[in-house]
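Chemist: Structure of the sequence below:
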Amino acid sequence: MKQKDDIDQLFERLEGSFDLQETPDGHQKRFLEKLENNDRNQASNKKEKGRSLWKPLSIAASIVLLISAGLFFQKEEPEAEGLAGISPEMEETQSFFVTAINVELETLKSFENEDTKALIADTLERLQVLEDEYDSLKIDLVESGQDKRVIAAMISNFQNRIELLQQVIETIEEIRTLKANNNEIII
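Modeler: Residues are numbered from 1 along each chain as shown. Just a heads-up that it's a prediction; the model follows:
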């Protein structure tokens, strides 16, 4: 009831301030026409906005499609990482062998002179053959699903490279020793 009393009081207070004029003839008709025209204008603006957005959206979609296709085809061929891609332990193993090979290579290169140049060049060629075999084994590893036999062949390849380098270094040291002994005997 309180609410009804409030509304009654509101009307009593505003009495005499209401606009009581009659609306002109056709006012409602003109008002409805304006509403319809406004609705049509808004619809045509939406169509124009839709058309104007269509080009940039289609260009953006094309770019996204091309990038996606590029990434798909790039990842289609699995990356052949070698032993490092199998597990942390195999990564350590590979790191150990690579470090050992690099140390032996530096030692071999330190012995390079006119007498050993041909021997070292031949050794580097044989090392390259072993490295090419290792690259082939990396591909086999990916294709075989990390077959243990391929892993063993990869480790054996590393060992063969180290043994080759050690044998050549020993041979060069023996040659140096023989030359040094021959020079001592001659004097």
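Chemist: Now the element after the least confident helix or strand in the chain by mean pLDDT, going C-ward?
Modeler: Ranking every helix and strand in the chain by mean pLDDT, DSSP states H and E puts helix 27-76 at the bottom, with a mean of 70. Of the helices and strands lying after helix 27-76 in sequence (DSSP states H and E), the nearest is helix 88-110.
Chemist: and stretch 132-152, average pLDDT?
Modeler: The pLDDT scores in stretch 132-152 average 89.
Chemist: How far off centre is it?
Modeler: 23 Å (C-alpha atoms, centre = their mean, to the nearest Å).
Chemist: Give the buried residues for that stretch.
Modeler: Buried residues in stretch 132-152, defined by neighbour count with 16 or more other C-beta atoms under 10 Å: 134, 137-138, 141-142, 150-151. In short, each C-beta sits where N, CA and C put it, glycine included.
Chemist: which one of the residues you listed is nearest His27?
Modeler: Nearest to His27 among the buried residues of stretch 132-152, counting by C-beta to C-beta, is Val142 at 81.8 Å.
Chemist: how near is the closest one to Ser95?
Modeler: According to C-beta to C-beta, to the nearest Å, Val142 and Ser95 sit 20 Å apart.
Chemist: Please, which helix or strand holds Glu114?
Modeler: Here Glu114, judged by DSSP H and E, is contained in no helix and no strand.
Chemist: Begin at 49, not 1, for the rest of this chat.
Modeler: I'll keep to 49 as the first residue from here, and by that count the last item is Glu162.
Chemist: So what's the residue count around it?
Modeler: Using other C-beta atoms under 10 Å, Glu162 is surrounded by 6 other residues.
Chemist: Identify the residues contacting it.
Modeler: Residues near Glu162 by C-beta atoms under 8 Å, 6 or more residues apart in numbering: none.
Chemist: Stretch 199-211: how far from the chain's middle?
Modeler: Distance of stretch 199-211 from the chain centroid (C-alpha atoms, centre = their mean) equals 30 Å.
Chemist: Now do Gln90 against Glu81, distance only.
Modeler: Note on Gln90: its distance to Glu81, by C-beta to C-beta, is 15 Å.
Chemist: cool, Gln207 as well?
Modeler: 94 Å.
Chemist: what does Ser184 give?
Modeler: 82 Å.
Chemist: what do you get for Lys227?
Modeler: The spacing between Lys227 and Glu81, counted by C-beta to C-beta, is 114 Å.
Chemist: cool, and Asn208?
Modeler: Applying C-beta to C-beta to Asn208 and Glu81 gives a distance of 94 Å.
Chemist: and those two? which has more neighbours close in?
Modeler: Set Asn208 next to Glu81 and count neighbours by other C-beta under 10 Å: Asn208 wins out with 15 against 11.
Chemist: what does the model give that one for pLDDT?
Modeler: For Asn208, pLDDT reads 94.
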